[in-house]
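Q: The amino acid sequence is not available; the structure is as follows:
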């Protein structure tokens, strides 16, 4: 999200720098009566002006917003007329992907077995935006509320939902059996993700058993689990 903002700012700085330089070249060539050079630089100036001020590039995973309400979702990069947006009172907001949806979220579910040991289901979850209008509105609201901390809020929501799940050890005999096992888990996690406008689009689980197990996930899951258990 920070990278998106920096890239956008650098792009505008480069655009206005080139615009000023080309305008200076046009003025100089006209003043010195270099007509061919002034024609070429004038055409380049107008093209740059069009691409930078009139043509509006809309990044993928963006929403059009009017008075704080999401109007539509733009899944892929596209081009529109900037004045159409201005006259309709709409603004473009790019929802984050880098740092939020470009990596799987890891969760662990533990349970004791009958031999006083442990087994764990280690989940790998890939998320994406829920395209329902109400969900997109929640994603937009959360983005403005949490900004750079949105990825931590998503982790918090997932871990809170995982705290209520029961890990069941079942024999897995293929992809179909795995998906049946994961259905109630994914449904429960999705119910929590509704608050941030996201949903699980891919889930997998690996099982580990033993007398003792090492946790693989980051420390925040254990910290938040203790907070939930204490009623905080």
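A: Received, thanks. Only a predicted model underlies this, so the values are computations on that prediction, with no experimental measurement involved.
Q: C-alpha from now on. contacts and neighbour counts both.
A: Noted.
Q: any idea how far the residue nearest the centre of the chain lies from residue 205?
A: Residue closest to the mean C-alpha point of the chain, counted by CA atoms, centre = their mean, is residue 97 at 2.8 Å. When distance is defined by CA to CA, to the nearest Å, residue 97 is 23 Å away from residue 205.
Q: rewinding a little: and the residue nearest to the centre of the chain, that one's in a strand?
A: No. Applying DSSP: H, G, I helix; E, B strand; the rest coil, one finds residue 97 to be coil, outside a strand.
Q: how many other residues sit next to residue 20?
A: Burial measure for residue 20: 12 neighbouring residues, criterion other CA atoms under 10 Å.
Q: typed the wrong thing, it's residue 205
A: For residue 205, using other CA under 10 Å, the count is 19.
Q: what's the closest non-adjacent residue to it?
A: If you skip the residues right next to it in sequence, residue 205 has residue 123 as its closest partner in space, 4.5 Å away by CA to CA, 6 or more residues apart in numbering.
Q: swap in residue 136?
A: residue 197 (5.7 Å).
Q: in its sheet, what does whichever helix or strand the residue nearest to residue 205 is part of sit against?
A: Per DSSP states H and E: residue 123 is located in strand 118-129. The strands that strand 118-129 pairs with in its sheet are strand 105-112 (antiparallel), strand 198-210 (antiparallel) (by DSSP bridges).
Q: Can you tell me which of the ones you listed is most buried?
A: Ranked by average neighbour count under the criterion mean count of other CA atoms under 10 Å, these are headed by strand 105-112 at a mean of 18.
Q: For the strand holding residue 123, give me every contacting residue.
A: The set of residues that contact strand 118-129 without belonging to it, under CA atoms under 8 Å, 6 or more residues apart in numbering, is 101, 103-113, 135-136, 139, 167, 169, 197-213.
Q: Check the burial of residue 60 by counting its neighbours.
A: Using other CA under 10 Å, residue 60 has 16 other residues around it.
Q: no no, residue 176
A: If you count neighbours by other CA under 10 Å, residue 176 ends up with 10.
Q: Report the separation between it and residue 182.
A: Here the criterion is CA to CA. By it, residue 176 lies 10 Å from residue 182.
Q: This completes my enquiry, with thanks.
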